[in-house]
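J.: need a structure here:
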Amino acid sequence: MRRLILAMLLAVATPALADGVSPIQRLVTAHDAFMASLPATLGPHPWALRDPAPGVPRSAQLVAYDDAIAAARKWSRRADASDLVPRKGLWLRPYSGDLSDLDILKVMDDAQSLGITDLFVETFWGGKLIYPGNPTFPDRYPGVDLLKAYVREGHRRGIRVHAWLHTLNFGPAWAAAHPDTLVKDGFGDLSGEVEKGSDTVSPALPEVKVELDRIVDELASHSVDGVMLDYLRYPTRMKGDDIDSTPDPRDFFGYNARQLALIEQRHPELDTPAFQNFLETGVPAVESDRQADLDRFKEALSEDLTGLIDNIKAEVHGRMLLDAAYFPDYYFHENDTRVQESAEWANRFNLLSPMCYEFYLDDYPAPYGTYTIWRALRIADDTVAQLPPAQRPLLMPSFTAEIPGTPMTAPFHHQTLRAQVAFLKGLLFDRTFPEVGGVAYFSYGWIFPAFEAVRKATG
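T.: This is a model prediction of the structure:
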C-alpha cells in the first residue's frame, strides 16, 4: 500500500536538471563523496531513479526509487566516530513548484546526499504560512500544504524537519489591521524604518502570544520535529557599517504605548517623571547615570522577549523540539537595539543555532579585528557551558557565504562554506568548543543556485 500511494502521488514526471554548482560554494562536492561511498549493492545512483527512464514503467521505477532512498538512509546514518559534526542542518525556502513540479524530490535528495540530519523549512514569513487553515494568516501558496509534504519526505529519509518562523515579523497585512501592536522607537518610527520589509510586533502583547500559540498547535498537528524561532528580537539600528551603540533610549523599539504601559506596571520605579523625561528626551536626570538608566530600560525589554519564549515553550510542552536562531554578536556591542540577550534564555531551548555570519575566521586587522567567527563561537559555547548539563541545548552554529556572483574584491566577504566548516572541525578536534555538536548551512539556494532559480520561478 505504501508503494502504491507513493506511485500515485509521484506519477508526474520530474525533469532532469543540472545542479549549477557555483565555484564559491564548493561544499556541494560532498555529493560526489557521498555517492562514491555508497555500497555497491545499491546499484546505480539512487537519485537517478527519480526521473523518468525510456521503456521503464513509472510505477516500477518509483518503487525502486523508494527502496533506494531507504537503503541510502541507512547508509548515510551509519555510525561514524570520526565525524566531528554529526548533526548537519540546512536552511530552506520552499516554493509552490516543490510540490506541483515535484521539485521537492530533488531538494530532499540533495539534502540527503549532503548528510543533512535537520532541515529548517521556512514556514512563516511576511505574515503568510506554507500550509492552509490558519484563520489569521493567509496561505502563501493557496491550497497547497508544503509543510506536510516536506515532513513526509524528510521522515522518509530519516531527516528531522523543523518549521522555521519569522517569529515577530507578522507582515504588512497584520500591520495595517493592527497598528497598535507594532513596535515603535522613541522618535515615532516603526521597524520598517530601519529594516526593509519588517513589520515587527511587540512580544509583550496578548494577541501576539495567542497567534503564535495557534501556529504552534498547527505545527504539532503537522508532526514537525521542531519549531525554529527566528527574528526573536527587536529591530536592528545601524550606524554606518556597524551596529549603532549610542546610549540613547529613543533608539530602542520599546515605545509601543501598550507595551510601555505594561512595563511601567511591572516596574513602578520606571514610572517616574525623571525616567519618563529620559525616555522622551534622551536626557537623564544625572548624566553619569545615563548608561545605568538605559540598562534598566533594556532589561525590561528583554523580560518581554523572555516572557514570549516562556509562553511558546509552555505551548510546545514536549510535543516538539524548541529551537532558536540568534546573533551571538549581540554581545559585541554595548547598546545593541536587538536586545537579544540569549544568555538569559538559552536554557529554554532544545537546539540553538547561533548565526555566525562574520566575514573572517579568527583574525582581521582593526577596526573589525574582533568581528570573527571564532569570537561568535566562543560566546555561544560559553553561554551553553554555563548551564547545568541537563539544561544544555544542542549548539548548531549556522554558517553562510555570499550568493554566487558577489564580487570577491569587496572589502568584506565571507570565506567559502568549505573553509568555514574545515575551520570548525579543527576547533572541535582541539576541543576548543566542546558544546558545539553540529553545523547548519545557510542556505539551500546559495549552495544550489541554478536549481534555486528554477524553483523560484514557480512562485
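J.: Could you list the low-pLDDT ranges of the stretch 151-300 of the chain?
T.: Along the stretch 151-300 of the chain, no part satisfies pLDDT under 70.
J.: In the stretch 1-150 of the chain, mark out all the strands, start to finish.
T.: Residue ranges of the strands in the stretch 1-150 of the chain, as given by DSSP state E, counting those that start in this stretch, are 87-92, 118-125, 128-129.
J.: Mean neighbour count, distance to residue 111 and mean pLDDT for the ones you listed - can I get that in a markdown table?
T.: All C-beta spots, glycine's among them, are computed from the backbone N, C-alpha and C. A markdown table is the format used below for these (neighbours: other C-beta atoms under 10 Å; distance: least, C-beta to C-beta, whole Å; pLDDT from 0 to 100):
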| stretch | mean neighbour count | distance to residue 111 | mean pLDDT |
| --- | --- | --- | --- |
| strand 87-92 | 23 | 5 | 96 |
| strand 118-125 | 25 | 6 | 98 |
| strand 128-129 | 20 | 22 | 98 |
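J.: Residue 313: which of these is closest?
T.: Residue 313 lies closest, by C-beta to C-beta, to one member of the strands of the stretch 1-150 of the chain: strand 118-125, at 17.6 Å.
J.: got the contact list for residue 238?
T.: Contact analysis of residue 238 by C-beta atoms under 8 Å, 6 or more residues apart in numbering lists 194, 244.
J.: how close does it sit to residue 195?
T.: Distance, residue 238 to residue 195, using C-beta to C-beta, to the nearest Å: 9 Å.
J.: next one: residue 295
T.: The gap separating residue 295 from residue 195 is 24 Å, by C-beta to C-beta.
J.: Out of these two, name the residue with the larger neighbour count.
T.: More crowded of residue 295 and residue 195, by other C-beta atoms under 10 Å: residue 195, with 18 against 13.
J.: got the residue ranges for the strands in the stretch 201-350 of the chain?
T.: Using DSSP E, counting those that start in this stretch, strands in the stretch 201-350 of the chain cover 226-230, 238-239, 242-243, 321-326.
J.: out of the ones you listed, deepest packed?
T.: Among these, judged by mean count of other C-beta atoms under 10 Å, the one packed with the most neighbours on average is strand 226-230 (a mean of 25).
J.: and the angle for it with strand 321-326?
T.: Following axes from the mean of the first three to the mean of the last three C-alpha atoms, to 10 degrees, one obtains 20 degrees for the angle between strand 226-230 and strand 321-326.
J.: list the helices and strands strand 226-230 packs on?
T.: Judged by 3 or more C-beta pairs under 8 Å, 6 or more residues apart in numbering; DSSP states H and E, strand 226-230 is in contact with strand 160-166, helix 290-316, strand 321-326, strand 351-354.
J.: who does the second one touch, helix- and strand-wise?
T.: Yep, that's helix 290-316 we're talking about. helix 206-221, strand 226-230, helix 257-266, helix 273-281, strand 321-326, helix 342-345.
J.: Return the set of buried residues in that helix.
T.: Under the neighbour-count criterion of 16 or more other C-beta atoms under 10 Å, helix 290-316 has 290, 293-294, 296-298, 300-305, 307-309, 311-313, 315-316 buried.
J.: Run the angle between that helix and strand 321-326 for me.
T.: 150 degrees.
J.: hey, C-alpha coordinates of the strand or helix carrying residue 454 in PDB?
T.: Counting by DSSP states H and E, the element that carries residue 454 is helix 449-456. What follows is helix 449-456, C-alpha atoms only, in PDB (Å, rounded to 0.1, in the frame of the first residue of the first chain):
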ATOM      1  CA  PRO A 449      21.800  28.400  -7.200                       C
ATOM      2  CA  ALA A 450      20.800  27.100 -10.600                       C
ATOM      3  CA  PHE A 451      18.100  24.800  -9.300                       C
ATOM      4  CA  GLU A 452      17.000  27.500  -6.800                       C
ATOM      5  CA  ALA A 453      16.400  29.800  -9.800                       C
ATOM      6  CA  VAL A 454      14.200  27.100 -11.400                       C
ATOM      7  CA  ARG A 455      12.300  26.600  -8.200                       C
ATOM      8  CA  LYS A 456      11.900  30.300  -7.500                       C
END
